[in-house]
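In: below: sequence and its predicted model.
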Amino acid sequence: SRGPIVLGIESSCDETGAGIVRDGELLAHVVASSMDEHARFGGVVPEIAARAHLHSFNPVVRRALDQAGLRLSQIDAVAVTTGPGLSGALQVGLAGAKSLAYAVGVPLYGVHHLAGHVAADTLEHGPLPDPSVVLIVSGGHTSLLLVRDLVREPILHLGDTLDDAAGECFDKVARVLGLPYPGGPAVDRAAREGDPRAVAFPRPLTRPGDDPYAFSFSGLKTAAARWAEQHRLRGEEPPVADGAAALQEAVADVLTRKAVAACRAHAVGTLVVVGGVAANSRVRALAEERCAAAGVELRVPPLTLCTDNGAMIAAVGDLLVRSGAEPAPLEVSVDPSAPL
Ligand code: KG4
Ligand code: ZN
């Protein structure tokens, strides 16, 4: 017999996502983004994000149901991101998910946002090998995880960023270089015309004795800002393509070096890279090169599943329901700084 039909809702940042998953199979995947509304502020404005979720919630759920050819009454469970994320944004998604679950009379499951990012890959490549190393790199997170059974065993945090996330670094340096928001894709495009060896940007926390799995990107941001400033003090515009290429090389080098080292140290044969920065062409190329050299299988889900979405939350919900996990009580609340 077929398994339960799970509707997943995501609203932790600037994307309102609804996805539907059954037996690990993706049936619907709809995302509405408020990114354009934040562009002129140079970053996500929490109040604008929360209002946008309120506006998009019903249409996004409706479109997901249409995509799957289902009626709301056919949903067997609702899964929703409870944290970490922006408090107001999370609350809109949780309130909506509770209403749906209550109205249809089905269980509600709270999902950790990072577990969602990890599960995204299963929708494309099937169940995760146990164990896997997962590198989550986005505008909000940079984490290296050791994952066993996603819903039955705790996820082990190998390392995190001590300051900025990798995507945040791309976004902030892009601003300094005069590139548009969001900065990551703009840096990636500009870097195509640049020389990655033109500037020797630092490789933070890669010295012997440094935490092998911790990251730091704020110093890189400062180094890039200083480099641009030095050009401007001489009355010239910085060579943006070279700066972008060198920055991208430094970020990709640090991320992939540490991720592959984690696979080696834990004798893990699979590296999964998820999050918006997994879209970066140099991160992908270097990850492929270094995984191949280390005999590690590299899994990168398609970009639409890499960035925030509801399908990845539905994927975790699907695993939770099928593992017999306890649903959340209806009074469950958001946890904006949820630990893993
Ligand atoms: O996962 P995501 O959509 O949202 C969260 O932050 O959770 O990630 C967005 C981040 C932004 O910082 C964006 O600049 C970055 O991913 N990004 C990229 C690229 N595409 C998106 N960074 C570098 N290169 C890219 N091609
Ligand atoms: Zn995310």
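Out: Yes, it's here. Residues are numbered from 1 along each chain as shown. Ligands and ions are numbered 1, 2, ... in the order given.

In: in a helix, that's where Ala79 is, yeah?
Out: No: applying DSSP: H, G, I helix; E, B strand; the rest coil, one finds Ala79 to be strand, outside a helix.

In: for it, give its distance to Leu156.
Out: Going from Ala79 to Leu156 by CB to CB, to the nearest Å gives 23 Å. For every residue, glycine as well, the C-beta is placed using N, CA and C.

In: which one's more surrounded, those two?
Out: Legend: neighbour count by other CB atoms under 10 Å for Ala79 and Leu156, higher for Ala79 (33 against 14).

In: how about that one, nearest residue that isn't a chain neighbour?
Out: Using CB to CB, 6 or more residues apart in numbering and skipping the chain neighbours, the partner closest in space to Ala79 is Gly317 (2.5 Å).

In: that neighbour belongs to a helix?
Out: Yes: under three-state DSSP, Gly317 sits within a helix.

In: give me the distance from the helix or strand bottoming out on mean pLDDT in the chain to the chain's centre.
Out: The helix or strand of the chain with the poorest confidence is helix 35-38; it has a mean of 87 (mean pLDDT, DSSP states H and E). Distance, stretch centre to chain centre, for helix 35-38: 18 Å (CA atoms, centre = their mean, to the nearest Å).

In: what is it packed up against?
Out: Taking 3 or more CB pairs under 8 Å, 6 or more residues apart in numbering; DSSP states H and E as contact, the helices and strands that helix 35-38 lies on are helix 46-68.

In: what are the buried residues along the helix it packs on?
Out: By neighbour count on 16 or more other CB atoms under 10 Å, the buried set for helix 46-68 is 48-54, 56-57, 60-61, 63-65, 68.

In: re earlier: mind listing residues that contact the least confident helix or strand of the chain?
Out: 14-15, 44-45, 48-49, 52, 181-182 (CB atoms under 8 Å, 6 or more residues apart in numbering).

In: stretch 234-241 now?
Out: Where contact means CB under 8 Å, 6+ apart, the residues beyond stretch 234-241 that reach it are 177-179, 190-195, 198, 227-228, 231-232.

In: which strand or helix spans Ala186?
Out: According to DSSP states H and E, Ala186 maps onto helix 183-191.

In: what's that helix packed up against?
Out: So helix 183-191, by 3+ CB pairs under 8 Å, 6+ apart, packs with helix 166-176, helix 240-265, helix 281-294.

In: which one of these lies nearest to Pro208?
Out: Across these, Pro208 has its closest neighbour in helix 240-265 (12.3 Å, CB to CB).

In: average pLDDT for that closest one?
Out: For helix 240-265, mean pLDDT rounds to 98.

In: just the buried positions in it, please.
Out: Quick answer for helix 240-265 (16+ other CB under 10 Å): 240-256, 258-263.

In: relative to helix 183-191, how tilted is that helix?
Out: Using axes from the mean of the first three to the mean of the last three CA atoms, to 10 degrees, the inter-axis angle of helix 240-265 relative to helix 183-191 is 110 degrees.

In: can you list the residues of the stretch 51-200 of the chain near ligand 1?
Out: Contacts of the stretch 51-200 of the chain with ligand 1, taken as CB under 6 Å from any ligand atom, map to 138-140, 167, 170-171, 182-185, 187-188.

In: how close does the residue of the stretch 201-340 of the chain found nearest ligand 1 sit to Thr304?
Out: Nearest residue of the stretch 201-340 of the chain to ligand 1, counting by CB to the nearest ligand atom: Gly276, 2.2 Å away. Here Gly276 is placed at a distance of 11 Å from Thr304 (CB to CB).

In: with adjacent residues omitted, what lies nearest to Val106?
Out: That would be Ala77: by CB to CB, 6+ apart, it lies 5.3 Å from Val106.

In: what's the answer for Asn58, then?
Out: Using CB to CB, 6+ apart, the closest residue to Asn58 is Gly96 (7.8 Å).

In: thought that neighbour was touching Pro59?
Out: No: counting by CB atoms under 8 Å, Gly96 sits too far from Pro59 to count as a contact (11.6 Å).

In: so the closest residue to Val78 other than its chain neighbours: helix, strand or coil?
Out: Spatial nearest neighbour of Val78, excluding adjacent residues (CB to CB, 6+ apart): Ala101 at 4.2 Å. The assignment at Ala101 comes out as helix when based on three-state DSSP.

In: any low-confidence regions in this protein?
Out: Scanning the chain for pLDDT under 70 picks out the ranges 1.

In: spatially speaking, which residue is in the middle of it?
Out: By CA atoms, centre = their mean, the mean C-alpha position of the chain lies nearest to Gly275, the distance being 2.9 Å.

In: so who does that residue touch?
Out: By CB under 8 Å, 6+ apart, the residues touching Gly275 are 117, 135-138, 141, 167, 306-307.

In: what is the burial count for the closest residue to it other than its chain neighbours?
Out: Nearest residue to Gly275, sequence neighbours excluded (CB to CB, 6+ apart): Ser138, at 3.4 Å. Using other CB under 10 Å, the number of residues around Ser138 comes to 25.

In: doesn't Gly167 make contact with Ser138?
Out: Yes: in this structure, Ser138 is within contact of Gly167 by CB under 8 Å, at 5.0 Å.
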